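[1] Sequence first, then the predicted structure, then my questions.
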Amino acid sequence: MTVDTLRHPGLVPGSTAPHAPTLQAEAGQVRGDDVRTDWTRAEIAALFDLPFDELMFRAQTTHRAHHAAGQVQLCTLLSIKTGGCPEDCGYCNQSASAETELKASKLMDVRAVLQSAAQARDAGSQRFCMGAAWRNPKDKDMPAIIEMVQGVRQMGMETCMTLGMLTPAQAEQLAAAGLDYYNHNIDTSPEKYAEVITTRTFQDRLDTLENVREAGINVCCGGIVGMGETRADRVGFVHALATLPRHPESVPVNALVPVKGTVLGNMLADTPLAAIDDIEFVRTVAVARVTMPLSMVRLSAGRESMSEATQALCFMAGANSIFTGDKLLTTGNAGDDKDAALLAKLGLVPMVGEEPMRKEKTCC
């Protein structure tokens, strides 16, 4: 790697000009040459090491080249089947192995789900996400899942599902129903993964993402920081996403909410490791924006404990999507009123129009 590449980690090898998009693209034109899937870990580590103001400038420049400035996508997440999951994810209180007071429930009635979706739409949400605590959906559950997708789409909202691992046939069923997005997070770096989850592998995650892509469904894929990982793990996490054959259309960045009774909750609660440093979290958001310029970058779990200043920095770093409402699956969230007040204070407005990667898909 050349000295210039280290100074400007967005450089294409062999070039002499920064590869990051310029402000002349601010009108919203999608430039395919701004998107790379060949990032190296060294380049991503160099981005993390940039002076904070330089990284923020790089991230905001990239953001404005492809996304409407001052607009934030509002999404709502509903747990449609809670608890009793056979996976042993160390961060999750829905795992059957977690010693929490959370009670397992059956799949929600379709009408109740659609009623929640209508309430979310009326509160301004553009995307309705539905999550079930399963290792993978059973074929007997698919008719109800499909009915939910179709019902939410008829309301004019985007749909997203997270149901665990999918077979190719299940992915095709969801695509035929009109599912817009499927969420399946990689959680952390490939090296850290086995310390967090033992009941499925990192490759299992990638296989489901491939099944989703093959079916033509947009991918929502991110992970969790603040699980006691190193910066090298955060570099590896971003690298795994930024070198996928196609970047995820949506990249949620979660800060761990340490729930007592879970492996990580017991390990990290009431310790300095329980919360990632605010500036390091913002850096992670900014590096995700620079390396995946067209993706929607979403502030997800952990936002309810962030200060307004930290959230404002995340928006400056290129985050342009949030979950609204009082709950994210089973943990607390900021709430609609608090979110509305923060967006008003910052002069941000709900997003209108289509996401850049979906626009690119349909226009070219």
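    Yep, that arrived. Numbers count the residues shown, from 1 in each chain.

[2] drop to CA atoms for contacts and neighbour counts, all remaining ones
    Will do.

[3] Against Gly347, how distant is Ser305?
    With distances taken as C-alpha to C-alpha, to the nearest Å, Ser305 is found 21 Å from Gly347.

[4] So which of these two has more stuff around it?
    Legend: neighbour count by other C-alpha atoms under 10 Å for Ser305 and Gly347, higher for Ser305 (14 against 10).

[5] quick one: contacts for that one?
    For Ser305, no contacting residues are found, by C-alpha atoms under 8 Å, 6 or more residues apart in numbering.

[6] Just the buried residues of stretch 213-229, please?
    Using 16 or more other C-alpha atoms under 10 Å as the test for burial, stretch 213-229 gives 213, 215-229.

[7] Tally up the residues packed near the residue lying closest to Glu229 once chain neighbours are set aside, please.
    Excluding the flanking residues, the one nearest Glu229 by C-alpha to C-alpha, 6 or more residues apart in numbering is Lys192, at 7.2 Å. For Lys192, the tally of surrounding residues (other C-alpha under 10 Å) stands at 20.

[8] And for the one 4 residues further on?
    Burial measure for Val196: 16 neighbouring residues, criterion other C-alpha under 10 Å.

[9] Just grab the bridge partners of the residue nearest to the spatial centre of the chain for me.
    Geometric centre of the chain, nearest residue: Pro252, 1.3 Å, by C-alpha atoms, centre = their mean. On the basis of DSSP bridges, Pro252 is bridged to Arg298.

[10] Next, the contact list for it, please.
    By C-alpha under 8 Å, 6+ apart, the neighbours of Pro252 are 220-223, 297-300.

[11] Could you check how far it is from Leu78?
    16 Å.

[12] Then Met306?
    21 Å.

[13] Show me which of these two is the more surrounded one.
    Leu78 (21 against 13).

[14] What strands flank whichever strand or helix holds that one, and is each parallel or antiparallel?
    Assigned by DSSP states H and E, Leu78 belongs to strand 71-81. Strand pairing for strand 71-81, determined by DSSP bridges: strand 127-132 (parallel), strand 321-324 (parallel), strand 349-350 (parallel).

[15] Dump these to TSV, plus distance to Asp278.
    Listed next are the strands paired with strand 71-81 as TSV, based on distance: least, C-alpha to C-alpha, whole Å:
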stretch	distance to Asp278
strand 127-132	27
strand 321-324	17
strand 349-350	24
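
[16] Of the ones you listed, which is nearest Gln154?
    Nearest of the strands paired with strand 71-81 to Gln154, taken as C-alpha to C-alpha: strand 127-132 at 12.0 Å.

[17] can you map out the strands along the stretch 101-250 of the chain?
    Here the stretch 101-250 of the chain has its strands, by DSSP state E, counting those that start in this stretch, at 127-132, 158-162, 181-183, 218-220, 223-225, 250-255.

[18] Among those, show me which one is buried the most.
    Most buried of the strands of the stretch 101-250 of the chain, by mean neighbour count (mean count of other C-alpha atoms under 10 Å): strand 181-183, with a mean of 27.

[19] for that one, packing partners?
    Contacts defined by 3 or more C-alpha pairs under 8 Å, 6 or more residues apart in numbering; DSSP states H and E place strand 181-183 against strand 158-162, strand 218-220.

[20] Including mean pLDDT, could those go into CSV?
    CSV is the format used below for the helices and strands packed on strand 181-183 (pLDDT from 0 to 100):
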stretch, mean pLDDT
strand 158-162, 94
strand 218-220, 96
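
[21] can I get those in a markdown table with distance to Pro143?
    Below are these laid out as a markdown table (distance: least, C-alpha to C-alpha, whole Å):
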| stretch | distance to Pro143 |
| --- | --- |
| strand 158-162 | 14 |
| strand 218-220 | 21 |
